[in-house]
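*Asks:* Structural data only, the sequence is not supplied:
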């Protein structure tokens, strides 16, 4: 273990002045900067927040979204960065010192500053400009937030097949506006987002570029349903972290957050800086736990540097935790907390250690005396945004990426992610019907890079379709990617189930989260108060979710139903409906919804298993695994999900497919609204010969013209291009008629 002797305080103090002069704003100027929020939220949960039960990450989240496909690299903080995201409004002097320290000509770094209004943006811009920031390197984002601690709720970036993507955990604070920020940034920057199904705070995680990850036992405390192996599995699947090293967290009396970034920081693939608490009491947990972690790191082959650690309370408990590892590495710069006054000696010692550990970096001390009682320093108020450093752009096709069944004539979205060291200037899209051997069909060229293209699917029927996307930059460089596997273009029927109000009443339902939602589902499969017939509305439009006084169930299982609050849970809305469709023909489900308000809303989609007698997911699993789809949606943001496979595993001879749409709020005592919900069912249009979306009398007339009987080819009167051989045995006979009859729906 490498332990550094303290440097003489006067020598270090002079060095500190020389280095801090590079940061720009004077202490006198910083003292004039005012905060917009007089009572900021701390990094740790307040006493009031501790009374709000956090929804633990559970199977709703585990079924939420698959991990990022392809080769994944989670970016270490000492790797090349494009800049940092911060949230303005609290500790503005600290943020000014930090931003000015890197928003300078020649650094190539950008500061993205989240503000709550245009007026706050004007104020922040004036402050930063006066402090010496290069404002061409400062960009503002207007969004509602709860706290300054963006390290804990902000986006964790990975490179997925060399393109950036966001991995978002379930935030371990009841602060819903904070929790939506990763979604907002992913949408704004056209990046895919993947939900890591762990209750977590981002500061309780460090990693190396080699793939090793480090966290504290807080991650196990917050996810009690999971073993340490299961937690490690999620990190490996979503962020390609292996191994995951878990150290004992510091007790709350020493560090209120439990986060590893308060006492450890990796500075390279082979080096760590770890806090060293006073050892006057050999049993003091701050000392024994950090010593054990440092010794373990050394045993793993790392060089360990030690900086002072201190809790200012009597005996080292229940005071303020002063940290020198809650620092920020941003390319060739390090932003190091200092506290002044009685802490000057420790400030000097920490500065010397960081200089020795990172001799090729500029160390910029940042005054964290005001923020540290709130449970964090400079690391907790920023989130890194990694840089794409290659000259040629990269692109990743997200959809269609293989296995989809898209209906000819239907409107679908092609989506992608792309990066360039400067900017992607244009996008070309093509498709293939021979498995990617050739791409003779042009979808569009010269499109802007916004991550999506609305495509009316052509009538080029094939089971071997792929999409190729080519991106270009301003230096005549290009990159391309194509669907990983084949998708199908065929005749597919699209049926929309909108849940609206019978009288067009524009009301929202709201309430509080209930822990009894599983029991409610199992005990009330078809409660009368949850069903009501409503007037069918425009199937292309969204409908409002609203409460209703109706008590009678719909007499027609194929009519629309209105979601109602579940008995005993005002926030829970459910709608149950039956699809009059051969389940074997269903190739996809799509649910679209919006949750809006101060609380976090979510919607889930279930299937009723007629044989097993419970709600099931699409892979035949029952019991606790009853989800087909579960996505979270927060303030003003719409998320959608499509289910593409697994239906054959649970049908068990059922004639009808019964679905349940379930909505509720996660937060107790916080209003949460469900704006609208829509379910779309995609099914093979078997027998839809005229392509009008239904199988009706006109299609029967066509079928008659093709009928030839057993052993005979289709009749010569069969219209050109019509394939009435529905069972594929070479003739059109009674067996084909029975299939046609099974799919007959009448005019829709």
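*Replies:* Right, received. Where do you want to start? Quick caveat, the model's predicted, so the values are computed rather than measured. Numbering: from 1, shown residues only.
*Asks:* Tell me where the stretch 501-650 of the chain is predicted with low confidence.
*Replies:* Applying pLDDT under 70 to the stretch 501-650 of the chain flags residues 501-584, 586, 588-650.
*Asks:* measure residue 96 to residue 34 for me?
*Replies:* 11 Å (CB to CB, to the nearest Å). In short, each C-beta sits where N, CA and C put it, glycine included.
*Asks:* Name the residue in these two with the higher neighbour count.
*Replies:* Ranked by neighbour count (other CB atoms under 10 Å), residue 96 and residue 34 place residue 96 first, with 25 against 9.
*Asks:* who's in contact with the strand or helix carrying the more buried one?
*Replies:* For residue 96, the host element (DSSP states H and E) is helix 92-102. Residues from elsewhere that reach helix 92-102 (CB atoms under 8 Å, 6 or more residues apart in numbering): 22-25, 30-31, 33-36, 83-84, 86, 88, 109, 111, 113, 124, 127-128, 131-133, 138, 148, 328, 330-331, 333, 335, 364, 366-368, 370-371, 378, 381-382.
*Asks:* what ranges do the strands span in the stretch 201-350 of the chain?
*Replies:* Secondary structure of the stretch 201-350 of the chain (DSSP state E, counting those that start in this stretch): strands at 206-207, 213-216, 244-247, 264-266, 271-276, 303-308, 310-311, 321-322, 328-330, 333-338.
*Asks:* In the chain, where is pLDDT below threshold?
*Replies:* Counting by pLDDT under 70, the ranges of the chain that qualify are 1-23, 53-65, 495-584, 586, 588-681, 693, 728, 745-748.
*Asks:* Break it down into its domains, please.
*Replies:* Listed by automatic domain parsing, the domain ranges of the chain are 9-36+70-386, 394-490, 494-684, 697-743.
*Asks:* Same list (those domains) but as CSV, adding distance to residue 50.
*Replies:* Below are the domains of the chain laid out as CSV (distance: least, CB to CB, whole Å):
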stretch, distance to residue 50
domain 9-36+70-386, 9
domain 394-490, 38
domain 494-684, 12
domain 697-743, 57
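*Asks:* Residue 49: which of those domains is closest?
*Replies:* Distance to residue 49, taken as CB to CB, is lowest for domain 9-36+70-386 among the domains of the chain, at 5.6 Å.
*Asks:* isn't residue 88 right next to residue 112, touching?
*Replies:* No. With contact defined as CB atoms under 8 Å, residue 88 does not count as touching residue 112 (10.5 Å).
*Asks:* the more surrounded of the two?
*Replies:* When residue 88 and residue 112 are compared for neighbours, residue 88 comes out ahead with 27 against 20, by other CB under 10 Å.
*Asks:* OK, contacts around that one?
*Replies:* Here residue 88 is in contact with 36, 95, 113, 114, 115, 120, 124 (CB under 8 Å, 6+ apart).
*Asks:* Quick check: chain neighbours aside, which residue is closest to the last one?
*Replies:* Read that as residue 124. residue 88 (4.8 Å; CB to CB, 6 or more residues apart in numbering).
*Asks:* and the gap between residue 425 and residue 413?
*Replies:* From residue 425 to residue 413 the distance is 21 Å (CB to CB).
*Asks:* Same check on residue 190?
*Replies:* Distance of residue 190 to residue 413, computed by CB to CB: 12 Å.
*Asks:* Kindly report the same for residue 716.
*Replies:* Residue 716 sits 42 Å away from residue 413, going by CB to CB.
*Asks:* Between those two, point out the one with more neighbours.
*Replies:* It is residue 413, of residue 716 and residue 413, that has more neighbours when counted by other CB under 10 Å, with 13 against 8.
*Asks:* from what I can see the more buried one touches residue 457, true?
*Replies:* No. At 10.8 Å, residue 413 and residue 457 do not qualify as touching, with contact defined as CB under 8 Å.
*Asks:* which residues sit in contact with the residue lying closest to residue 210 once chain neighbours are set aside?
*Replies:* Excluding the flanking residues, the one nearest residue 210 by CB to CB, 6+ apart is residue 269, at 5.4 Å. Going by CB under 8 Å, 6+ apart, residue 269 touches 208, 209, 210.
*Asks:* Now intersect the contacts of helix 92-102 with the helices, please.
*Replies:* 30, 124, 127, 128, 131 (DSSP state H).
*Asks:* Can you report how many residues lie near the third one?
*Replies:* Burial of residue 127 is recorded as 23 neighbouring residues (other CB under 10 Å).
*Asks:* I'd guessed residue 195 sits against residue 168; true?
*Replies:* Yes. Counting by CB under 8 Å, residue 195 does reach residue 168; the two are 5.5 Å apart.
*Asks:* Residue 124: what's it in contact with?
*Replies:* 88, 92, 113, 115, 140.
*Asks:* quick one: which of the residues you listed is most hemmed in?
*Replies:* Highest neighbour count within the contacts of residue 124, by other CB under 10 Å: residue 88, with 27 neighbours.
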